[in-house]
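A.B. asks: Just to be clear, the model below is a prediction. Sequence and coordinates:
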Protein chains: 2
Amino acid sequence: MIDLTQIGQAAKRAARELARASTAVKNEALLAIADALEARTDWLLAENEQDVADGRAQGLSAALLDRLLLTQNRLAALAADARQVAQLPDPVGEELESRLLPNRLRLTRRRVPLGVLGVIYEARPNVTIDVATLCLKTGNAVILRGGKETLRSNLALTQLIQDALTTTGLPATAVQIIPDSDRALVSQLLRLDDYVDMIIPRGGAGLHKLCREQSSIPVITGGIGICHIYVDASADLERAVDIVENAKVQRPSVCNALDTLLVHQAVAAEFLPAVAARLAQSGVELRAEPAAGAILRAAGTAVAPTGPDDFDQEWLALILGVKVVSGLDEAIDHIQQHSTAHSDSILTNDWARAQRFVDEVDSAAVYVNASTRFTDGGQFGLGAEVAVSTQKLHARGPLGLEALTTYKWIGYGAGHIRP
Amino acid sequence: MIDLTQIGQAAKRAARELARASTAVKNEALLAIADALEARTDWLLAENEQDVADGRAQGLSAALLDRLLLTQNRLAALAADARQVAQLPDPVGEELESRLLPNRLRLTRRRVPLGVLGVIYEARPNVTIDVATLCLKTGNAVILRGGKETLRSNLALTQLIQDALTTTGLPATAVQIIPDSDRALVSQLLRLDDYVDMIIPRGGAGLHKLCREQSSIPVITGGIGICHIYVDASADLERAVDIVENAKVQRPSVCNALDTLLVHQAVAAEFLPAVAARLAQSGVELRAEPAAGAILRAAGTAVAPTGPDDFDQEWLALILGVKVVSGLDEAIDHIQQHSTAHSDSILTNDWARAQRFVDEVDSAAVYVNASTRFTDGGQFGLGAEVAVSTQKLHARGPLGLEALTTYKWIGYGAGHIRP
């Protein structure tokens, strides 16, 4: 097994150089990456083809094979994304505050790169480019650990990035990939706290749990969303049908899609059959607790009963849990108990209840009369999305480039001593 | 051994109530705590006396006995601190940003409490009041785990706090203490991620390492400072003597005190004897590497040579490592290698070198022509100091009340769906 110490040391040295690199040079590297993605398409597709062939031979599902596939269009999209990152403002160097203290020590707080990131992800090779470009833009070195199914593709993409860095005069070791799919290397990476400043896992709940439990480095976890919409007695029920449909159906495989629908008992008999009819058009399968099930069945809708863990499922599919609640208190209690604190929404025309929901639901994103699907760096106007955090430290919700930075305090004195 | 699950659940419930408490009610609780510290002095001193007697019987050092001692004056000072915290602005509820997105969804980012904190500390009972008041002010519940030497004092102080909370109508379980000094409970607390949002260790390097390695909850580590001053060839040497003396001598037992002095070779022969003479007045013991030692001995100053780890020591005492360097590059390299990224300073009149030092030294606080002793929440004007962080996520350097908060995104819509 390889020893990650050398990779860590090289990353730390590269981070020092990157922290001093000008915005112009960093952008030049990003554009060189974009150009190379287009110029070296044939080679990249050939390397990727071997990963796909191996995956097919190992019997990977069609969905997984699609995730690891690169195509000319996908490479062109990645090149466009890299050019887009080059266009974004550089957060590094911003003075977050500056003041003259009473003793005339001038104190400023300056935004600086975090240093070295470790990013652990699964089968998508596009993450390699995505993460590398966001790290470069923010002056961070990165150690990548991708899924074993795309090792060849990732090695090729990393080679391409390193060539672009060298061309631009930046250290090639600013972006390194662990060239071995031994699982023990993940544990080793999670303990590399002498060299790595932050770990970002991009994958399922199991990977996030592993990182939280094993890492001695701060971890940003997130991306798991059990999302709720509560339809209050005072909601505009026609709009509510549109919003529930949007939250569930528009892109069911993502973390901000709807998982559980809570409906006030006063409007359940009217609302549930209407929303069920709309959702049936998209083939959504309902899982209803008894009260909701009774209403739906009385209206002639076929529904399955909820299983014991159905309200603790992130469905990522066209399935929706449904529950009738006695009012706002029960809705908030249910959310506090089952939500992953990602995105939750109330549909209501009652001002006081909207305020209570916003105040009391402790999630990264809380909505009034809107779909949960808006929790996204692009939708929020952050320019780029690094990840969606459901923890509370450092950054919460959609993470933009600023989440990849920290700050330092700088005191400019003139012989200042502390009395 | 007790099970912390119930304590965790109670803390989480209390946190929900606290998050909704008004600033006025939280301040009322703080003032009730201050009043009780004065009204119940005799009882507190009697409880503390038993801890001190036990400590004496167990042969604790005089220094440690002093740390765990409460006196009437110390209680009065704690009461004054609690009243001071009541005076500070409440960070909770601040709108960090607010904008109307192009689709007219109104998006705001609101500062909210973190939730539940776990604070692990050693022998000082004053930390119990200190931490509890800062947590209450910011609407957080807290689970305290103090040192076993002060268990009786901590139980009494927590009782006093809980009585004040009850009087004010706030949940007593907002501040809980683990009533058992079994070490296994620390490990249990570090895994209580269903209920605890952040761990703050306040103690030595060993405790911080334990927390980083064992915790599945985000940890804020810090408070360990191996601090440097680099005296450049262009420095004002008279002022430099004052600054080095201040950084080393004014309060040697704290984390922002000076540990290593780096001196440019061009001024070493002039500066080292002068600074050694000044430091000798306070009984500072020098540990010099060979070049520095030769200069000092030639000038008639007795110095010890450096041991192998002397540049990796946080002295917390009147000892100073001394090294001659060839210039700024060697100084920065030495700092990158040995600093704990707490506080480092350059003394120079050269503009370009000052800028390079500020740009390249990656520490929480970097100074030009000032003592390292300024790294402190009070000195920085933050109002209160929760801890000093030497990690890069969430908050860096002196942590004020804001470090005990996070934010939520709130989207106010009117039937918004994502196209």
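C.D. replies: Great, that's in hand. Numbering: from 1, shown residues only, chains lettered A, B, ... in the order given.

A.B. asks: Helices along chain A, start to end?
C.D. replies: Assigned by DSSP state H, the helices in chain A fall at A:4-20, A:23-39, A:41-57, A:62-68, A:72-87, A:126-137, A:151-168, A:184-190, A:205-214, A:237-249, A:265-280, A:290-298, A:328-338, A:351-360.

A.B. asks: For residue B:331, which of those helices is the nearest?
C.D. replies: For these, the distance to residue B:331 is smallest for helix A:4-20, at 14.4 Å, taking CB to CB. All C-beta spots, glycine's among them, are computed from the backbone N, C-alpha and C.

A.B. asks: My understanding was that residue A:315 contacts residue A:259; is that so?
C.D. replies: Yes. Here residue A:315 lies in contact with residue A:259, judged by CB atoms under 8 Å, at a distance of 5.2 Å.

A.B. asks: quick one: common contacting residues for those two?
C.D. replies: Both residue A:315 and residue A:259 are in contact with residue A:321, where contact means CB atoms under 8 Å, 6 or more residues apart in numbering or on different chains.

A.B. asks: Neighbour count: those two, which is higher?
C.D. replies: More neighbours surround residue A:259 than the other of residue A:315 and residue A:259, with 30 against 21 (other CB atoms under 10 Å in any protein chain shown).

A.B. asks: Tell me the predicted confidence for that one.
C.D. replies: pLDDT recorded at residue A:259 is 98.

A.B. asks: residue contacts, it?
C.D. replies: Listed by CB under 8 Å, 6+ apart, the contact set of residue A:259 reads A:225, A:226, A:227, A:228, A:313, A:314, A:315, A:320, A:321.

A.B. asks: same check, this time on residue A:215
C.D. replies: A:190, A:191, A:199.

A.B. asks: touching chain B at all, stretch A:307-316?
C.D. replies: No. On the criterion CB under 8 Å from any CB of the partner chain, stretch A:307-316 is out of touch with chain B, staying 12.7 Å away.

A.B. asks: to the chain's geometric centre, what's the distance from that stretch?
C.D. replies: Its chain's C-alpha centre and that of stretch A:307-316 lie 21 Å apart, by CA atoms, centre = their mean, to the nearest Å.

A.B. asks: Looking at it now, give me its mean pLDDT.
C.D. replies: 93.

A.B. asks: so which of the helices of chain A is the most packed in?
C.D. replies: Comparing these by mean neighbour count (mean count of other CB atoms under 10 Å in any protein chain shown), helix A:126-137 ranks first with a mean of 25.

A.B. asks: Now do that helix: which elements does it pack against?
C.D. replies: helix A:23-39, helix A:72-87, strand A:116-121, strand A:141-145, helix A:151-168, strand A:175-177, strand A:198-202 (3 or more CB pairs under 8 Å, 6 or more residues apart in numbering or on different chains; DSSP states H and E).

A.B. asks: let's see it at 6 Å
C.D. replies: Helix A:126-137 is packed against helix A:23-39, helix A:72-87, strand A:116-121, helix A:151-168, with contacts defined by 3 or more CB pairs under 6 Å, 6 or more residues apart in numbering or on different chains; DSSP states H and E.

A.B. asks: Name the residues that touch that helix?
C.D. replies: With CB atoms under 6 Å, 6 or more residues apart in numbering or on different chains as the test, helix A:126-137 has contacts from A:26, A:29-30, A:78, A:82, A:85, A:117, A:119, A:121, A:142, A:154, A:157, A:161, A:175, A:384, A:386.

A.B. asks: let's see 8 Å
C.D. replies: Identification of contacts with helix A:126-137 by CB under 8 Å, 6+ apart yields A:18, A:26-27, A:29-30, A:33, A:37, A:70, A:74, A:78, A:81-82, A:85-86, A:88, A:90, A:117, A:119, A:121, A:141-142, A:144, A:146, A:153-154, A:157-158, A:161, A:165, A:170, A:174-175, A:177, A:200, A:202, A:384, A:386, A:401, A:404.

A.B. asks: Please list which of these also come close to chain B.
C.D. replies: Within these, nothing lies near chain B by CB under 8 Å from any CB.

A.B. asks: can you tell me how far the residue of chain A most remote from its centre sits from chain B?
C.D. replies: In chain A, residue A:419 marks the outermost C-alpha relative to the chain mean, sitting 47.7 Å out by CA atoms, centre = their mean. Using CB to the nearest CB, to the nearest Å, we find residue A:419 at a distance of 8 Å from chain B.

A.B. asks: try residue A:80
C.D. replies: Residue A:80 is 20 Å from chain B, by CB to the nearest CB.

A.B. asks: wait, what's in contact with that residue?
C.D. replies: Residue A:80 sits in contact with residue A:34, where contact means CB under 8 Å, 6+ apart.

A.B. asks: rewinding a little: mind putting the contacts of residue A:215 in CSV, distance to residue B:366 and pLDDT included?
C.D. replies: Listed next are the contacts of residue A:215 as CSV, based on distance: CB to CB, whole Å; pLDDT from 0 to 100:
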residue, distance to residue B:366, pLDDT
A:190, 29, 97
A:191, 28, 95
A:199, 26, 95
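
A.B. asks: Let me have these in a markdown table, adding distance to residue B:236 as columns.
C.D. replies: Shown next, in a markdown table, are the contacts of residue A:215 (distance: CB to CB, whole Å):
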| residue | distance to residue B:236 |
| --- | --- |
| A:190 | 47 |
| A:191 | 45 |
| A:199 | 44 |
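
A.B. asks: Between those residues, which sits nearest chain B?
C.D. replies: Distance to chain B across the contacts of residue A:215 (CB to the nearest CB) is lowest for residue A:191, with 8.3 Å.

A.B. asks: number of nearby residues for the nearest residue to that closest one once chain neighbours are set aside?
C.D. replies: Excluding the flanking residues, the one nearest residue A:191 by CB to CB, 6 or more residues apart in numbering or on different chains is residue A:216, at 5.4 Å. Here the number of neighbours of residue A:216 (other CB under 10 Å) works out to 19.

A.B. asks: now do the one 5 residues further on
C.D. replies: One way to gauge burial is a neighbour count; for residue A:221, by other CB under 10 Å, it gives 20.

A.B. asks: ditto for residue A:383
C.D. replies: Other residues close to residue A:383 by other CB under 10 Å number 17.

A.B. asks: contacting residues for it?
C.D. replies: Listed by CB under 8 Å, 6+ apart, the contact set of residue A:383 reads A:88, A:89, A:377, A:400, A:401.

A.B. asks: Next, the contact list for whichever residue of the stretch 1-150 of chain A sits closest to chain B, please.
C.D. replies: Closest to chain B within the stretch 1-150 of chain A is residue A:114: 5.3 Å, counting by CB to the nearest CB. Contacts for residue A:114 (CB under 8 Å, 6+ apart) come out as A:138, A:140, A:197, A:198, A:404, A:405, A:406, B:392, B:393.
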